[in-house]
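# Return atomic coordinates for the entry below.
(2 chains)
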Amino acid sequence: NAGVTQTPKFRILKIGQSMTLQCTQDMNHNYMYWYRQDPGMGLKLIYYSVGAGITDKGEVPNGYNVSRSTTEDFPLRLELAAPSQTSVYFCASRTGRETKNIQYFGAGTRLSVL
Amino acid sequence: AQKVTQAQTEISVVEKEDVTLDCVYETRDTTYYLFWYKQPPSGELVFLIRRNSFDEQNEISGRYSWNFQKSTSSFNFTITASQVVDSAVYFCALSEAGNYGQNFVFGPGTRLSVLP
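Numbers count the residues shown, from 1 in each chain, chains lettered A, B, ... in the order given. You can find the predicted model right below:
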């Protein structure tokens, strides 16, 4: 029962570096999400996707990019890392059915930008 | 606009005490969903309950119970006879049916510490 898998679990970046946070799910869910959680705060939506080839911005998209070439994968790209992007990143997925709209979360990626 | 407020930032109780975590939400949709998630010290997010706006019945699951009141836009969570393993951050979240993508809006969370 893999569910939602995120890699890596931890990462330290230098300012200006780039990286991709990986997210994959094996539940055949159409909807996928990226959230960030700053210390002591709730989660804020970065990007989401309602199906392969379809992505849209959330509340805090600046500095990030996403793609959704398959149902399973939803990578998050940081192009020029900044200290403000130090956070814990969560990927989530759910089915497209409204009656089953529970979001299932990955274990998170803890990112520090120094 | 949708919004979730959890006014209690931190709560400390002694084991076996009952504790209630408050959640107040704002939405203009008539169809919406409310959720509670638990985030233990290990950091993952664990789903606890989902409620839709047409179902105001209270729910009880073991030591956990939830009180949903549309009249006060509240969805409060009570832990009876708390245990040390209940120590975690608890998040309330809202999802509007009319929102394309139906992402969650999370409250800021309440950190619960249960002391032995």
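
# distance between the ends of stretch A:22-35?
One end of stretch A:22-35 sits 13 Å from the other (Cα to Cα, to the nearest Å).

# Repeat that for stretch A:79-96.
Across stretch A:79-96, the terminal residues are separated by 30 Å (Cα to Cα).

# how about the residues of chain A near chain B?
Where chain A comes near chain B, counting by Cβ under 8 Å from any Cβ of the partner chain, the residues are A:31, A:33, A:35, A:40-45, A:48, A:50, A:56, A:58, A:88, A:90, A:92, A:94, A:98, A:101-105, A:107-108, A:110. The C-beta positions use only the backbone N, C-alpha and C, and glycine is treated the same way.

# Give the buried residues for stretch A:51-69.
Burial within stretch A:51-69, assessed by neighbour count using 16 or more other Cβ atoms under 10 Å in any protein chain shown, is assigned to A:Ala52, A:Thr55, A:Gly58, A:Val60, A:Pro61, A:Tyr64, A:Val66, A:Ser67, A:Arg68.

# Just want the most central residue of chain A.
In chain A, the C-alpha nearest the mean C-alpha coordinate belongs to A:Trp34, at 2.9 Å (Cα atoms, centre = their mean).

# how about the nearest residue to that residue once chain neighbours are set aside, what does it touch?
In space, and not counting its chain neighbours, A:Trp34 is closest to A:Ile46: 4.4 Å by Cβ to Cβ, 6 or more residues apart in numbering or on different chains. Residues counted as contacts of A:Ile46 (Cβ atoms under 8 Å, 6 or more residues apart in numbering or on different chains) are A:Trp34, A:Tyr35, A:Arg36, A:Gly58, A:Glu59, A:Val60, A:Pro61, A:Tyr64, A:Val66, A:Leu76, A:Tyr89.

# and the helix or strand where A:Tyr33 lies, what other elements does it pack with?
Applying DSSP states H and E as the criterion places A:Tyr33 in strand A:31-37. Here strand A:31-37 touches strand A:19-25, strand A:43-51, strand A:87-94, going by 3 or more Cβ pairs under 8 Å, 6 or more residues apart in numbering or on different chains; DSSP states H and E.
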